[in-house]
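> Predicted structure and sequence below. I'll ask about it afterward.
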Amino acid sequence: NMPMSCMVGHMHHDGTVMMDIRSVTKRYLWTWFPLDSMVVGFHWAELLMGDNKTGGINRVGASLRSVRMMRTVRLFRLLKAPEIADKIMAMLPLSEQLTLIAEIARIMIVFLWMAHALACGWYG
């Protein structure tokens with residue numbers, strides 16, 4: 001997933017989409033790469049430790065699992081989603097019916113995501 005993050009474009013403040021591999025990679029290295037590498041590093045460390053049932057290793061494993069939860073920090077990217085969606089909607093000439101269908105689909109996706117998050121929290 002980390003190499004693919006270097007191939008995903010990003011949007012400038014003026015609304016243009018940057019797909020240049022060099023600028024995208026540079027932006028990724030300065031923004032999300034440190035967090036991604038830390039999370040992946042802890043995950044690999046947890047996998048390498050195995051499932052030994054001794055007390056010390058279990059405590060380390062539990063702390064590594066809590067650090068893995070920092071992956072949810074990446075969800076803050078979704079805060080930009082309405083802004084990006086508004087720019088896309090302004091560029092596309094959509095009918096009123098298509099806009100209504102898109103809004104219903106968005107609401108359904110939000111409900112599905114909330115149910116997923118609740119189930120993950122409930123069942124661990």
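Perfect, I can see it now. Residues are numbered from 1 along each chain as shown.

> What residues of the longest helix seen in the chain count as buried?
Criterion DSSP state H: the longest helix present in the chain is helix 96-123. Across helix 96-123, burial judged by 16 or more other Cβ atoms under 10 Å covers no residue at all. Quick note: C-beta positions are derived from backbone N, CA and C, even for glycine.

> Any idea how far that helix is from the middle of the chain?
In terms of Cα atoms, centre = their mean, to the nearest Å, the gap separating the centre of helix 96-123 from the centre of its chain is 16 Å.

> avg pLDDT for that helix?
Across helix 96-123, pLDDT averages out at 88.

> so where is this protein shaky, pLDDT-wise?
1, 46, 50-80 (pLDDT under 70).

> Which residue ranges of it form helices?
Counting by DSSP H, the helices of the chain are 2-5, 21-31, 33-49, 55-68, 81-91, 96-123.

> how close does residue 22 sit to residue 32?
Here the criterion is Cβ to Cβ, to the nearest Å. By it, residue 22 lies 17 Å from residue 32.

> The closest residue to residue 32 other than its chain neighbours: neighbouring residues, count only.
What sits nearest to residue 32 in space, not counting adjacent residues and going by Cβ to Cβ, 6 or more residues apart in numbering, is residue 5, at 6.5 Å. Using other Cβ atoms under 10 Å, residue 5 has 17 neighbouring residues.

> I'd say residue 5 and residue 35 touch.
No: using Cβ atoms under 8 Å, residue 5 is not in contact with residue 35; the gap is 11.0 Å.

> so what's in contact with these two at the same time?
Between them, residue 5 and residue 35 share no contacting residue under Cβ atoms under 8 Å, 6 or more residues apart in numbering.

> picking up where we left off before, now do the same contact list for the residue nearest to residue 32.
Taking Cβ under 8 Å, 6+ apart as the test, what residue 5 contacts is 28, 32-33, 36.

> In CSV: the residues you listed, plus neighbour count.
Formatted as CSV, those follow (neighbours: other Cβ atoms under 10 Å):
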residue, neighbour count
28, 18
32, 15
33, 15
36, 16
